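In: Sharing a model that was predicted from the sequence below.
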Amino acid sequence: MTDVSLGMPQLPAPDYPADVRARLEADAKEVIARYPDSRSALLPLLHLMQSEDGYVTRTGIRFCAEVLGLTTAEVTAVFTFYTMYRRVPSGDYQVGVCTNTLCAVMGGDAIFDELKQHLGVGNNETTEDGKVTLEHIECNAACDFAPVVMVNWEFFDNQTPESARQLVDDLRAGRPVEPTRGAPLCTYKETARILAGFPDQRPGAVEATGGAGHASLVGLRLAKGETPAARVVSPRGEAPEEAPQPGAEHLSSHDAPQQTSASDPAHPAGPVSEEGE
């Protein structure tokens, strides 16, 4: 007969210090008031916990359960269902590399492999300095600008392994980094508080915008009865057959000859022959 040891039972999660608890209770009260059923506030409250700790701790689970009248098992069942909630400590900057089909073909896989080697971490792991957590992510509806890297859910479009490596180096060194479009960059904890539903206090963040690329908007323009101007896209590396349209400030990776993917120079992305040849 083999002895089986189940180990020591886990002690109850500790509570937050009194001052932190009071501050979080005030925030939680504001969140819960938005919903007719208090348990509907669980998702934003989990973001609130991440804004405090950088991930969902056992103490955060206990807090959510107590203020919502749920069991810790019910809270755990919800938070473990969603990948947007971290189960382990997270870095100041969550760097996500899209590895879905189009981004992968355009160089996303090469970028992810480059960053894993450069940072010395694997998927969902954090650098020793606590600055960067690397993960591969699903489609972020930015295929016009593939391959896309996101930092705390802000877009960095048309990336290459070289530009992505420079990006994470800048983040770790504390150098200013500007997203390609959208709001200014902030830390992961600050992002979590915004996701919990609290106002974004960063100057210019609310006014910042970032639209879709030309290809994504063609269908919308046709539906409105507009006739989009014809655009001829040449294979990558060849001269374009027409000059870029005036005012095109942010071209997508499909507006050749953008140099977006240096992942495989021997097999560049983009059409190389007519269909059927």
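Out: Noted; the coordinates are in hand.
In: and residue 187, how many neighbours does it have?
Out: 16 (other CB atoms under 10 Å). Every residue, glycine included, has its C-beta placed from N, CA and C.
In: wait, doesn't it sit right on residue 151?
Out: No - the pair residue 187 / residue 151 is not scored as a contact, 10.2 Å apart, by CB atoms under 8 Å.
In: where do the contact lists of the two overlap?
Out: With contacts taken as CB atoms under 8 Å, 6 or more residues apart in numbering, residue 187 and residue 151 have residue 93 as neighbours in common.
In: doesn't residue 48 make contact with residue 28?
Out: Yes - under the criterion of CB under 8 Å, residue 28 makes contact with residue 48 at 6.7 Å.
In: of these two, who's got more company?
Out: Higher neighbour count among residue 28 and residue 48: residue 48, with 25 against 22, using other CB under 10 Å.
In: which ones are touching the more buried one?
Out: Residue 48 neighbours (CB under 8 Å, 6+ apart): 24, 27, 28, 31, 192, 193, 196.
In: Farthest-apart pair in the residues you listed, please.
Out: 28 and 192 (14.1 Å; CB to CB).
In: ok, back up a step: which one of the contacts of residue 48 is nearest to residue 171?
Out: For these, the nearest to residue 171 is residue 192 (17.2 Å; CB to CB).
In: does the closest one sit in a helix, a strand or a coil?
Out: helix (DSSP: H, G, I helix; E, B strand; the rest coil).
In: residues contacting it?
Out: 47, 48, 50, 51.
In: Put together a markdown table for the residues you listed, with distance to residue 168 on each row.
Out: Below are the contacts of residue 192 laid out as a markdown table (distance: CB to CB, whole Å):
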| residue | distance to residue 168 |
| --- | --- |
| 47 | 24 |
| 48 | 28 |
| 50 | 21 |
| 51 | 23 |
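In: Which of those fall in strands?
Out: Using DSSP state E, no member of these falls within strands.
In: By neighbour count, sort out the buried ones in these.
Out: Buried members of those, counted by 16 or more other CB atoms under 10 Å: 47, 48, 50, 51.
In: For residue 139, state which of these is nearest.
Out: Once CB to CB is applied, the member of those that ends up nearest residue 139 is residue 47, at 21.6 Å.
In: Columns distance to residue 58 and pLDDT on top of the buried ones among the contacts of residue 192, output as TSV?
Out: Shown next, in TSV, are the buried ones among the contacts of residue 192 (distance: CB to CB, whole Å; pLDDT from 0 to 100):
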residue	distance to residue 58	pLDDT
47	17	96
48	16	96
50	14	95
51	17	94
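In: All the strands of the protein, residue numbers only.
Out: Using DSSP E, strands in the chain cover 93-98, 125-126, 132-137, 149-151, 154-156.
In: Residue 93 reaches residue 151, doesn't it?
Out: Yes - counting by CB under 8 Å, residue 151 is a contact partner of residue 93 at 5.3 Å.
In: So the two - more neighbours on which side?
Out: Applying other CB under 10 Å to residue 93 and residue 151 shows that residue 93 carries more neighbours, namely 26 against 22.
In: where's that one relative to residue 189, distance?
Out: Here residue 93 is placed at a distance of 11 Å from residue 189 (CB to CB, to the nearest Å).
In: Pass me the low-pLDDT residue ranges in the stretch 101-250 of the chain, would you?
Out: Within the stretch 101-250 of the chain, the segments meeting pLDDT under 70 span 206, 208-213, 215, 228-250.
In: one more time with 80
Out: Across the stretch 101-250 of the chain, the ranges flagged by pLDDT under 80 are 140, 182, 201-220, 227-250.
In: where along it do the helices fall?
Out: 101-103, 109-119, 161-173, 188-195, 214-223 (DSSP state H, counting those that start in this stretch).
In: With respect to residue 42, which of those lies nearest?
Out: helix 188-195 (13.3 Å).
In: From the chain's centroid, how far away is the closest one?
Out: Distance of helix 188-195 from its chain centroid, counting by CA atoms, centre = their mean, to the nearest Å, is 12 Å.
In: Which one of the helices of the stretch 101-250 of the chain lies nearest to residue 140?
Out: It is, among the helices of the stretch 101-250 of the chain and with distance given as CB to CB, helix 101-103, at 8.7 Å.
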